[in-house]
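Colleague: Got a predicted structure here, sequence first:
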Amino acid sequence: MKISRTTTLLISTMIFAVGLLAPSGQTSNSGSSSADSRTIRVPAGNGKIVALDGIFSKGEWEDALSFPISDRHEIYLKADSEDLFVGLKSALPLGLMLSEIHVTSNEKVFIKLHSSARLGEGSGAFPSDFRQSKFGVDNAQDWEANVDVMEKIKEEEWIAQGRPTEKYDDIFKKKDGKEYRISLKKLAGSRLRMIAGLRDSKGTVNFPRDGTLENCDNWLELILPGPIK
């Protein structure tokens, strides 16, 4: 089977994103975080449905806690009785955003939730080397997120132009960012630790930026709300 140049690029970007959160301080960030505390009380949502299409529509995230994680991105957090919702929003519409969320409930093992042009899920134990952690493409159990969708006409135009790398982002449908829904069945307890990483056409952002996969000491602590009626 002949693999197209476009498919090769998609696979390459996914492989890169699997190692988005590098160990031992090898991360980079385009801006400093603005969270006042490493401990965040996640608010109980008011029932507004998140469409998980990457479009932060009016009303979807108004009941969430949000704050900047770089000079061009914000994170949104909220929960209901069944799910934790995490949004990673770009200041400007974009086509391609590679993103990963790592979550641990016991500070010993973590789960990795990946979204680019496809979803993927993995797991590992601390201390971890991302190249040794388990990961499966098209594996998404008890969670979902939007993926980057290629537009056929724009892809054909891009190919006709000689496949310029700087135009690769333009062949994907524009969106605001990534929207995750994670079932609470997948998360044990009301206290979690989390780290998020993303890459777009302007570079890589990890939050918290001093977090690593060696341990979760510098990860964000999330306190989920109590029973929501």
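Modeller: That came through fine.
Colleague: From here on, just use CA atoms for contacts and neighbour counts.
Modeller: Noted.
Colleague: all strands for the protein, in order.
Modeller: 39-41, 65-68, 73-79, 83-94, 98-104, 109-115, 119-125, 134-137, 143-145, 175-183, 191-200, 203-207, 220-223 (DSSP state E).
Colleague: want to throw the ones you listed into a markdown table with mean pLDDT and distance to Glu166?
Modeller: Below are the strands of the chain laid out as a markdown table (pLDDT from 0 to 100; distance: least, CA to CA, whole Å):
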| stretch | mean pLDDT | distance to Glu166 |
| --- | --- | --- |
| strand 39-41 | 93 | 37 |
| strand 65-68 | 95 | 26 |
| strand 73-79 | 97 | 21 |
| strand 83-94 | 96 | 13 |
| strand 98-104 | 95 | 16 |
| strand 109-115 | 94 | 21 |
| strand 119-125 | 92 | 24 |
| strand 134-137 | 81 | 26 |
| strand 143-145 | 97 | 26 |
| strand 175-183 | 97 | 18 |
| strand 191-200 | 95 | 12 |
| strand 203-207 | 94 | 13 |
| strand 220-223 | 95 | 34 |
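Colleague: Format the ones you listed as TSV; extra columns: distance to Gln161 and mean neighbour count.
Modeller: Shown next, in TSV, are the strands of the chain (distance: least, CA to CA, whole Å; neighbours: other CA atoms under 10 Å):
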stretch	distance to Gln161	mean neighbour count
strand 39-41	47	16
strand 65-68	36	18
strand 73-79	31	22
strand 83-94	20	20
strand 98-104	24	24
strand 109-115	28	24
strand 119-125	29	20
strand 134-137	30	14
strand 143-145	31	21
strand 175-183	23	23
strand 191-200	22	22
strand 203-207	24	22
strand 220-223	44	20
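Colleague: For Ala160, find the nearest of those strands.
Modeller: Between Ala160 and the strands of the chain, the tightest spacing by CA to CA is seen for strand 83-94, at 21.7 Å.
Colleague: how far off strand 191-200 does the closest one point, in degrees?
Modeller: Relative orientation of strand 83-94 and strand 191-200, computed by axes from the mean of the first three to the mean of the last three CA atoms, to 10 degrees: 20 degrees.
Colleague: Any idea how far apart the tips of stretch 182-199 sit?
Modeller: 21 Å (CA to CA, to the nearest Å).
Colleague: How about residues contacting that stretch?
Modeller: 17, 20-21, 82-85, 97-107, 142-144, 204-208, 211, 216, 219-226 (CA atoms under 8 Å, 6 or more residues apart in numbering).
Colleague: how close does Ala196 sit to Ala51?
Modeller: Separation of Ala196 from Ala51 (CA to CA): 21 Å.
Colleague: Also Ile101?
Modeller: Noted for Ile101: a distance of 19 Å to Ala51, by CA to CA.
Colleague: same thing with Asn146?
Modeller: When Asn146 is compared with Ala51 (using CA to CA), they lie 9 Å apart.
Colleague: the more surrounded of these two?
Modeller: Asn146 (21 against 15; other CA atoms under 10 Å).
Colleague: Quickly note the distance from that one to Gly162.
Modeller: Computed with CA to CA, the distance linking Asn146 and Gly162 is 29 Å.
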